[in-house]
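**Student:** below are the sequence and a predicted model; questions follow.
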Amino acid sequence: SDSLSTAAFSEPKALTCHWKPAHHGFEKTLPHSPGGKSISGVALLTSNGIQMGFTKTVVLSGYEMVKEALVNQADAFAERAEVPAFEELSRGNGILFSHGENWKVMRRFTLSTLRDLGMGKRVIEDHIVEECGHLIENIDSQKGKPIDLTMIMNAAVANVIVSILLGERFSYTDPQFTRLLHLINETIKLYLFLLDELYAFTQVAFTKHLKTLDRNDQRSLIDAFFIRQQEEKSDTKSYFNNDNFKSLISNLFSAGMDTTSTTLCWGILLMTKYPKIQQKVQEEIEKVLGSNPPRMEYRSKMPYTDAVIHEIQRFANILPMNLPHATTMDVTLKGYFIPKGTYIIPLLASVLQDKSEWEKPDAFYPEHFLDAEGKFVKKEAFMPFSAGRRRCVGETLAKMELFLFFTSLLQRFSLHSAPGVSSSDLDLTPEVGLTSGPLPHKICMAARA
Ligand code: HEM
C-alpha cells in the first residue's frame, strides 16, 4: 500500500508499465521486452499486479484510460469493491458501499428525491441561500476573535444535508449538532464510521417530523423514504427497510459533508494565496450581483467565478484515488483481459493532472476553463465527481453549494494572509486522509465595504 499511495499522490505516469494481453488473469512482460505492448494507464506494481491482501487490483491512470473504463464500458466497471472495513460498516446497505440490486434501488431513489427537491420547487437552493446568510452572520458576529473556519464550513454544509433529510436546520451552537459534526469529522478522518449517534439523532428529529408528514407535500428525503416504506410494507423483500434507511443517512452525511467543506476550505486558501484572482472574482460579483444574495441563475453570467470554482476543484483533487470499483463481469479493456470481481482503482488525480489534457496541470490556472473571449468552457477531463454509473449522486447539490457559499463569502469578505506571512509563502501541501484537505493556516477575513 505504500507504493500505491506514493504513486497516486506524486507522479501518475510512474505507474505506467508494459503489459501483454492475457486471456486469463494478468500477465506482465518487462518494459521493452519483445512482444510487450505499452498500455499507458494500467499499473502493475508488484510482479503479480497490485495485491490488496489476496485481491488483485488494477489501477487505471490518465484520462483516456479512466474514460474508456468508467464511461465507455460503464456497466462492466459499475460495482463497488468489497473492502472488508467498508463491508463491516455498511453490510451492503445504503449506496456508497452497496452492491447489485440494493445499490441500484437506493441510488435511483436518492437521485430522484434530490431531483424533486431541487427542481421546480427550488427547495434545496432556498435552503442553501438561507444557510449562506447564517454562515455570514456567524462569521460577522465573531468579529475580532479567532474562529475555526473548518468547523463553521462543516456546520453550514451539514445543515444543508440536514435540511434535505429533515427539512429543517440547527444552530451552529446547538450542543447535539456540534457533537455530531465533531464525531463525523473524526470518524471520516480515522476511517471509522461510528455513526450510531447520527442515527439516533435523526430518529429523534424524525419522530417529531412524522407528526406533520404530508404525503402530498414531501419536503425532505426522509418523508420520501418513509412514504415508500409505507407503500411497500406488505413486501417482505422491500429495499425500503430500516437498515437501508440508517446507511443512506450516514452515506449522505459522510459523502456530502467533508467533501464539500474541504473544497470550500481549499477555495479560501487559494484565494488568499492568489489575491489578484480573488480581486477578479470580487469585481465580477460586484458587476453581476451587487449586494443581491447569490442565486444559481447568476452563475451563467459569471464565467470567471465559475472557472475559478472549477479550477479549485481540479487543483484541490480531494479524492485523488476515487473510491474503489470492481468489475461486474469479465471484461477486455483496450485489449487486456480483466476478470469479473477485480478491484479497480480509477485514479482521479491522474485525470485531473493529466499532462495531455491540461495546459498547466500543476498550477492553479482558472484559464483552463476559459476561452480567449473569457467565456466558460467545459472540459471532459474535469472529473472530481468521477464518471459513469457510480458517479457522485451529490454532484448537482455540491455544485450549487460551492457556487453559493463561495460567492457569498467573497461578496462579504476579503481574504488576506495573517500578519507577517506573505501570501506567496502559503503552503499548498495537502493533508493526508481519505479526502485530502489543506493543512491548517491562519487567515484574516476582513469585511468588505
Ligand atoms: C465537492 C463535493 C463532492 C465531491 C468532490 C464528491 C466526489 C465523489 C466521488 C469521487 C465519488 C465516487 C464515485 C465513484 O465511485 O466512481 C462520490 C460518490 C458519492 N457521493 Fe460525492 N462528492 C461530493 C459531494 C457529495 C454530496 C454533497 C453528496 C450528498 C448528497 C455526495 C454523495 C455521494 C454518494 C452517495 C456517493 C456514492 C455513489 C455510488 O456509489 O453510487 N457527494 N462522490
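**Tutor:** Cool, got the structure.
**Student:** W358 touches H368, doesn't it?
**Tutor:** Yes. Taking contacts as C-beta atoms under 8 Å, W358 lies within contact range of H368: 5.8 Å. Backbone N, C-alpha and C define where each C-beta goes, glycine included.
**Student:** list residues touching both of those two?
**Tutor:** Residues touching both W358 and H368 by C-beta atoms under 8 Å, 6 or more residues apart in numbering: R314.
**Student:** which parts of the stretch 51-200 of the chain are strands?
**Tutor:** Assigned by DSSP state E, counting those that start in this stretch, the strands in the stretch 51-200 of the chain fall at 55-60, 79-80.
**Student:** any idea which of those strands is most buried?
**Tutor:** Of the strands of the stretch 51-200 of the chain, the one with the most neighbours on average (mean count of other C-beta atoms under 10 Å) is strand 79-80, at a mean of 22.
**Student:** what's that strand packed up against?
**Tutor:** strand 325-326 (3 or more C-beta pairs under 8 Å, 6 or more residues apart in numbering; DSSP states H and E).
**Student:** what strands line up against the helix or strand that the strand it packs on is followed by, and which way round?
**Tutor:** Using DSSP states H and E, the helix or strand that directly follows strand 325-326 along the chain is strand 331-333. Paired neighbours of strand 331-333 in the sheet (DSSP bridges): strand 336-338 (antiparallel).
**Student:** so how far is the partner strand off the chain centroid?
**Tutor:** 29 Å (C-alpha atoms, centre = their mean, to the nearest Å).
**Student:** what average pLDDT does that strand get?
**Tutor:** For strand 336-338, the mean pLDDT works out to 88.
**Student:** please save the CA atoms from the helix or strand following it in PDB.
**Tutor:** Counting by DSSP H and E, the element after strand 336-338 in chain order, helix or strand, is strand 343-346. Output in PDB follows, covering the C-alpha atoms of strand 343-346 (Å, rounded to 0.1, in the frame of the first residue of the first chain):
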ATOM      1  CA  TYR A 343     -10.700  -4.400  -7.800                       C
ATOM      2  CA  ILE A 344     -10.300  -1.300  -9.900                       C
ATOM      3  CA  ILE A 345      -8.800   2.000  -8.700                       C
ATOM      4  CA  PRO A 346      -9.600   4.700 -11.300                       C
END
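**Student:** just send the strands of the stretch 51-200 of the chain back as TSV, with distance to L289 too.
**Tutor:** Output for these, formatted as TSV (distance: least, C-beta to C-beta, whole Å):
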stretch	distance to L289
strand 55-60	41
strand 79-80	41
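**Student:** redo those strands as a markdown table? Include mean pLDDT and distance to the ligand.
**Tutor:** Below are those laid out as a markdown table (pLDDT from 0 to 100; distance: least, C-beta to the nearest ligand atom, whole Å):
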| stretch | mean pLDDT | distance to the ligand |
| --- | --- | --- |
| strand 55-60 | 87 | 11 |
| strand 79-80 | 94 | 6 |
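**Student:** pull the number of nearby residues for the residue lying closest to A156 once chain neighbours are set aside.
**Tutor:** In space, A156 comes closest to L135 once its chain neighbours are excluded; the distance is 4.5 Å by C-beta to C-beta, 6 or more residues apart in numbering. Neighbourhood size, L135 [other C-beta atoms under 10 Å]: 24.
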